[in-house]
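Student: structure for the following, please:
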Amino acid sequence: MPSPYSVAVVVGSLRNNGFSLRTAQTLAKLAPDTLKLDIVTLEGLSFYNQDLEANAPSDWVAFRDKIKVADAVLFVTPEYNRSIPGVLKNAIDVGSRPYGKSAFDKKPAGVVSISIGAVGGFGANHHLRQCLTFLNMPTLQQPEAYVGMIGDAFDDKGDMVKDATKGFLKTYIDAFATFVAQQHK
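Tutor: Next comes the predicted model:
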């Protein structure tokens, strides 16, 4: 069997044990053997400022390197005010600079948005997809992953307890694995 494709799973929230992180951990457990998921949190990633680019901060370099070595990127994000959280937008800015040297360029991507409400982060999902178009990232179109009602999906240990949600995430990560393999042919 060939080596598994490495996937940087960018978690769009800073919360310790937040729903986005737990969802990313669940996806890592459900992933087929053809994928190796590396969860990338945004804790400690400083704000992008082009004035610092000539001597980029070490946290920017480390984040960019994690994205560069990955074969694909999977974003797991909550929705804040019908959009993506500021920390995720900042990470996109850090990873996409300096201009012409984006760490994201041509990497297959997936988007999983979550929400405690019924809509499942629809606004965040589509705002993020707009960014991915500009970043030149081919993005899995189907199945779409809007995971709503996430508030009671995990037990006290962080394990997913909603079988329907777990089943959907398994379907999604399997489709993402197929998509990544197709993009690397």
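
Student: so how far is A175 from S20?
Tutor: The span separating S20 from A175 equals 20 Å under the rule CB to CB, to the nearest Å. Heads up, the C-betas are built off the backbone N, CA and C, glycines and all.

Student: cool, K36 as well?
Tutor: 17 Å.

Student: next: L52.
Tutor: Distance, L52 to A175, using CB to CB: 39 Å.

Student: higher neighbour count, these two?
Tutor: Comparing L52 with A175 by other CB atoms under 10 Å, the one with more neighbours is A175, at 16 against 12.

Student: what mean pLDDT does the host helix or strand of the more buried one have?
Tutor: Mapping A175 onto the secondary structure by DSSP states H and E places it in helix 163-183. Throughout helix 163-183, pLDDT has a mean value of 98.

Student: who's in contact with it?
Tutor: 5, 7, 23, 26-27, 30-32, 34-35, 71-72, 74, 108, 110, 112, 138, 140, 142-143, 145, 147, 150, 153, 160 (CB atoms under 8 Å, 6 or more residues apart in numbering).

Student: mind listing what the residue nearest the centre of the chain touches?
Tutor: Centroid-nearest residue in the chain, with CA atoms, centre = their mean: F75, separated by 1.3 Å. Residues counted as contacts of F75 (CB under 8 Å, 6+ apart) are V9, V10, G12, L88, A109, G110, V111, V112, L128.

Student: who does the helix or strand hosting it pair up with?
Tutor: With elements delineated by DSSP H and E, F75 resides in strand 72-78, which encompasses its position. Sheet partners assigned to strand 72-78 using DSSP bridges are listed as strand 5-11 (parallel), strand 109-114 (parallel).

Student: who's in contact with D59?
Tutor: D59 sits in contact with G44, L45, S46, where contact means CB under 8 Å, 6+ apart.

Student: quick check, pLDDT for it.
Tutor: According to the per-residue confidence, D59 scores 98 in pLDDT.

Student: burial count for P98?
Tutor: Neighbour tally, P98, other CB under 10 Å: 10.

Student: using the three-state scheme, assign it.
Tutor: What DSSP: H, G, I helix; E, B strand; the rest coil gives for P98 is coil.

Student: tell me how many other residues crowd the nearest residue to it once chain neighbours are set aside.
Tutor: With CB to CB, 6 or more residues apart in numbering as the criterion, P98 has its nearest non-adjacent residue at 5.3 Å, and that residue is E53. E53 is surrounded by 13 other residues when neighbours are defined as other CB under 10 Å.
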